[in-house]
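Enquirer: could you work out the structure for the sequence below:
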Amino acid sequence: MTDDHKVHNRIDDVLSHVPRYAFKGRSRLATDAGVSKSAVTRLLNGQSVPSVIVVFRLAKALERRMSTSLDPREIVSLDGDYPTPSTCKLMGCRGCLPCDAYDEDNNLKPEYTGVRPGQWSVHKKHEERGLAKEAA
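Expert: Numbering: from 1, shown residues only. Okay, the predicted model is just below:
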């Protein structure tokens, strides 16, 4: 797949904010959305361009768990831009660090040293434009 046809997504970031998806998140999302686990895995790994129906079903499944509406453009993007740059802000989170920021002894991993809570969830394209500070 060329970069011209790459679809950006931040579904894993959204999943990290929804307790139901903390364990076996991709499988549970696929079940909740009524799509195959392989379709979800390929999308999240950047290996496919999803159909509008798949994106819509994923957004609707996430909406049910969030108890609020979710515009599909908040989870999938053609150019890496999202209406709400920070996933934490989108999810109503005051700012957090992802679970994988900590090692098995619950110590912060070196790559997260200096990362402000919530900052990890601002999409890189917004950081490149200097929008990360206002988005967090």
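
Enquirer: just the pLDDT for T84.
Expert: Note for T84: predicted pLDDT of 91.

Enquirer: in a helix, that's where it is, yeah?
Expert: No. In this structure, T84 is coil, not part of a helix, as judged by DSSP: H, G, I helix; E, B strand; the rest coil.

Enquirer: give the contact list for the residue lying closest to it once chain neighbours are set aside.
Expert: Among residues not flanking T84 along the chain, L90 sits closest, at 4.3 Å (CB to CB, 6 or more residues apart in numbering). Every C-beta, even on glycine, is put in place using the N, C-alpha and C of the backbone. Shown in contact with L90 (CB atoms under 8 Å, 6 or more residues apart in numbering): V14, E74, Y82, T84.

Enquirer: now do 10 Å
Expert: With contact set as CB atoms under 10 Å, 6 or more residues apart in numbering, L90 has these partners: 10, 13-14, 17, 66, 68, 70-71, 74-75, 82-84, 121, 135.

Enquirer: now S27
Expert: Y21, K37, V40, T41.

Enquirer: may I ask which of those has the most neighbours?
Expert: V40 (25 neighbours; other CB atoms under 10 Å).

Enquirer: how about the backbone phi and psi for the residue nearest to T84?
Expert: Here is the backbone geometry of L90 (degrees, to the nearest 10): phi -60, psi -40.

Enquirer: what pLDDT does it get?
Expert: At L90, the pLDDT value in this model is 89.

Enquirer: residue ranges in this structure under the pLDDT threshold?
Expert: 1-5, 123-136 (pLDDT under 70).

Enquirer: how near is the residue nearest to T84 to S16?
Expert: 12 Å (CB to CB, to the nearest Å).

Enquirer: overlap of the contact sets of these two?
Expert: What both L90 and S16 touch, as defined by CB under 10 Å, 6+ apart, is the set R10, S121.

Enquirer: which strands and helices sit next to the lengthiest helix in the chain?
Expert: In the chain, taking DSSP state H as the definition, the longest helix is helix 52-66. Contact partners of helix 52-66 among helices and strands, from 3 or more CB pairs under 10 Å, 6 or more residues apart in numbering; DSSP states H and E: helix 11-15, helix 25-33, helix 37-44, strand 76-77.
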